[in-house]
Every structure is written in C-alpha cells, then in structure tokens.
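Enquirer: how would this look folded up:
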Amino acid sequence: MLGHGVINGVDFDNVTEKGVDTILSKQRIKKIIIASMIADACGVPVESMKRGTFQVTGMTGGGTYDQPAGSWSDDSSLTLCLMDNLVTGGSLADLFQKMIAYMMNGRYTPSGQLFDIGNATRKAVFNFAKGRPPLKCGDQSIYANGNGALMRIAPLAMTLLDEANSAVRIQTIVQYTQMTHAHNISIVGSILYVELLRALLGGADLRSALEPLYQKVAEMPAYAKDSRQYKHLADPNFDQQPISAVKSTGYVVDSLEAAVWVNEQAKTYQEVVLTAVNLDDDTDTIAQLAAFMFACSHEMIDIPADWQQTLVMTAEARQIMTAFAEKFGE
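Expert: Numbering: from 1, shown residues only. Have a look, this model is predicted:
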C-alpha cells in the first residue's frame, strides 16, 4: 500500500501543498485550457523552423503544416483525449482507444484529420493495438525522451489538486507518462511539470515552488540519477541565461526548461506565447507548456480578443472542455 506522502522513502509532502484548498472555478479551468490551445495554435505554422528565420507577432496560418489560422496540433488533441478520459473515469486502455480514434479517425482534431503526432506516441499506440498491456507500450529507450507525454499531461494538475497523498499523485503521473514514454527522464519531467502546475494553481511562485520540488524528486532513489538532467531548473540564476543558451527542441528536458525560462522572462500572457513561439524548433509544444504555466499561476489573464476569435473551436472540443470544467471545477 502507498504510504501517505512517502515515495521511495522520501517524504514528498509540504513541497506542493500550499493552496491545496484553492477553489478552482469552472470558468478558470476553461480559460486555462483555451490559453494553452491558443498558444499551441500560434506555434503550429512555424514548428521546426530555425531561430532568426521568422518572427511571429500574432496568430497566423499556413507554414509548416499548411493549416488554417487557429489550428491546434497533437499537443491540444492529446490533451483533449486525456480530458475526455478523465471526465468519463476511463482506464489507461480507454485512453489508448481514444488515441487510436485520434490517429485513425481524426477525432480530437481541429479539422477532422490528423496532421501531426510524435514517433514515441505513435509507436505506443500501435503496441497497444497489437495487444500489449497499457503500461508495457511505452518506449524505455533513452532515445525516446521526446515531449509527447509532457504535452498532454497538464490536466492531471487540476484533477489532482485536492489529492493530499503525494504518493497517489506521483503514481498517477508516472502511469500516465509510462504508457507512451517509459524512460525515467520523461517520467521525471512529467512529475516536475504536473507538480509545478499544481503548486502554481495553489498560489505558489514559480521559482519558490520549483527549487524545493526539484530537490525532492532528486532525493527519490528511483529517479535520482535521471533527475540530474533537470538540475538547471533548480539554479536560482536560471532566468538570467541568455536566449542563445535556451534550447527549444522536442527533447523533454529542453522543452520543460524552455517553458520555465519563458515564464521567468515574460510578464503577460501575450509575451509568454510570442517569446515561446519565437524561440524556434518545437514552437507549438513549448508555447503550450509555457501557457499552461502562466495560466495556472495567474487567476486573471488577458488573452487578445482576436486570438480567441481565430482559435478553431470544434463542438467536440467545446463539449469536452465544458464537461471537464463541470466535473473538476467549483
């Protein structure tokens, strides 16, 4: 049986407990999700482009995938999959079935057709379709540490907000990551990200939450070695590094570091999105991660009206978002 707040012999409680009784309104949940989808859509046209060869100042279309303005990517599609599964109380197998519907039938997409999915996630879905158990589908290779689990996992911060037993939280995060990305580097990234979002929702400051959170994860025997990949996040001078030192690739460590760095530079939602998108490379994911962080740490965010109007909002996405807010909001 899981001990209260104790994981691998380490007392994990009191790191992210501030504000655990915070009331998360239905409206705020919706705004957090919309903010993340808009950021994703802003990054889609310039994904994989080289830094300095473009400059995004708003929401546009075309580009890398030749999609209409306001179209979101697999980041938001897989987040919608997870939200839908959480609303219905589905199992990991149920979540995989939803991912199959995304890959094969274009569900959870802005246009009814898939145009992007990561290799590790695709491989895991095929493994499940071939009959593997959900927790045996994820790639354990060190070369399979893309951000495919990180991009979809933010809703857990909201569903676990009132869960005081940190061992339960960590086990949940691990399983939802492991199903597609089973290497510990990816698992540590998901723990840091979800627990950070949870702390931000509770009113914690980004830096004051991140440093002790990293130390606690680093003390967990199972993750001590691989947590070192994220050691820069605990550096109190992390925000002072120049943009030239910020890597914005799809490697899970780079993506999380870039999203944190963006939040330590920008002061408004619009600045967060544009700073993230203009970093280059995995623009949509880093912008989405950064937007989730900013929206979770600010009760009031000012999203440009034209961005909201341009965002593609399907009936399915709206229904999932509303149902999720109704179930987990106050």
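
Enquirer: how distant is the helix or strand hosting Q309 from the center of its chain?
Expert: Element membership for Q309, per DSSP states H and E: helix 305-310. Centroid separation between helix 305-310 and its chain, computed with Cα atoms, centre = their mean, to the nearest Å, is 22 Å.

Enquirer: what's the residue most central in space within the chain in contact with, if anything?
Expert: Per Cα atoms, centre = their mean, the C-alpha nearest to the average position across the chain is that of M151, at 3.7 Å. By Cβ atoms under 8 Å, 6 or more residues apart in numbering, the contact list for M151 reads D74, D75, L78, T79, T285, Q288, L289. Heads up, the C-betas are built off the backbone N, CA and C, glycines and all.

Enquirer: mind listing what the closest residue to S111 other than its chain neighbours touches?
Expert: Spatially, and ignoring its direct neighbours in sequence, S111 is nearest to S71 (6.7 Å; Cβ to Cβ, 6 or more residues apart in numbering). Going by Cβ under 8 Å, 6+ apart, S71 touches A41, V44, G61, Y65, P110, S111, V312.

Enquirer: just the buried ones from these?
Expert: A41, V44, P110, V312 (16 or more other Cβ atoms under 10 Å).

Enquirer: just put those residues in CSV and tack on pLDDT and distance to Q27.
Expert: Listed next are these as CSV, based on pLDDT from 0 to 100; distance: Cβ to Cβ, whole Å:
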residue, pLDDT, distance to Q27
A41, 98, 21
V44, 98, 26
P110, 97, 23
V312, 98, 21
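
Enquirer: looking at those, spot the one nearest S255.
Expert: Of all the buried ones among the contacts of S71, S255 sits closest to V44, with 15.6 Å by Cβ to Cβ.

Enquirer: was I right to think the closest one contacts Y65?
Expert: Yes: taking Cβ atoms under 8 Å as the definition, V44 is a contact partner of Y65 at 6.2 Å.

Enquirer: got any residues that touch both of those two?
Expert: Each of S71, S73 lies in contact with both V44 and Y65 under the rule Cβ under 8 Å, 6+ apart.

Enquirer: what residues sit buried inside stretch 216-235?
Expert: For stretch 216-235, a neighbour-count test (16+ other Cβ under 10 Å) marks 216-220, 222-223, 226-227, 229-230, 232-234 as buried.

Enquirer: chain center to that stretch, what's the gap?
Expert: 19 Å.

Enquirer: what about that stretch, how long is it end to end?
Expert: End-to-end distance for stretch 216-235, by Cα to Cα, to the nearest Å: 15 Å.

Enquirer: now that stretch: mean pLDDT?
Expert: Averaging pLDDT along stretch 216-235 yields 95.

Enquirer: equivalent analysis for stretch 166-173, please.
Expert: Rounded mean pLDDT across stretch 166-173 is 96.

Enquirer: dump it to PDB, restricted to CA.
Expert: Extracted C-alpha coordinates of stretch 166-173, given in PDB (Å, rounded to 0.1, in the frame of the first residue of the first chain):
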ATOM      1  CA  SER A 166       1.600  12.800  -2.800                       C
ATOM      2  CA  ALA A 167       2.300   9.100  -3.300                       C
ATOM      3  CA  VAL A 168      -1.000   8.700  -5.100                       C
ATOM      4  CA  ARG A 169      -0.300  11.800  -7.200                       C
ATOM      5  CA  ILE A 170       3.200  10.600  -8.300                       C
ATOM      6  CA  GLN A 171       1.900   7.100  -9.100                       C
ATOM      7  CA  THR A 172      -0.800   8.600 -11.300                       C
ATOM      8  CA  ILE A 173       1.600  10.900 -13.100                       C
END
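
Enquirer: please renumber so the chain begins at 402
Expert: Okay, residue one is now 402; in that scheme the one you just asked about reads as stretch 567-574.

Enquirer: need the buried residues of stretch 617-636 in CSV with secondary structure and distance to D495, can you?
Expert: Below are the buried residues of stretch 617-636 laid out as CSV (DSSP: H, G, I helix; E, B strand; the rest coil; distance: Cβ to Cβ, whole Å):
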residue, secondary structure, distance to D495
K617, helix, 31
V618, helix, 29
A619, helix, 34
E620, coil, 34
M621, coil, 29
A623, coil, 27
Y624, coil, 27
D627, helix, 29
S628, helix, 31
Q630, helix, 31
Y631, helix, 31
H633, helix, 37
L634, helix, 33
A635, helix, 36
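
Enquirer: since that was my last question, I'll sign off now.
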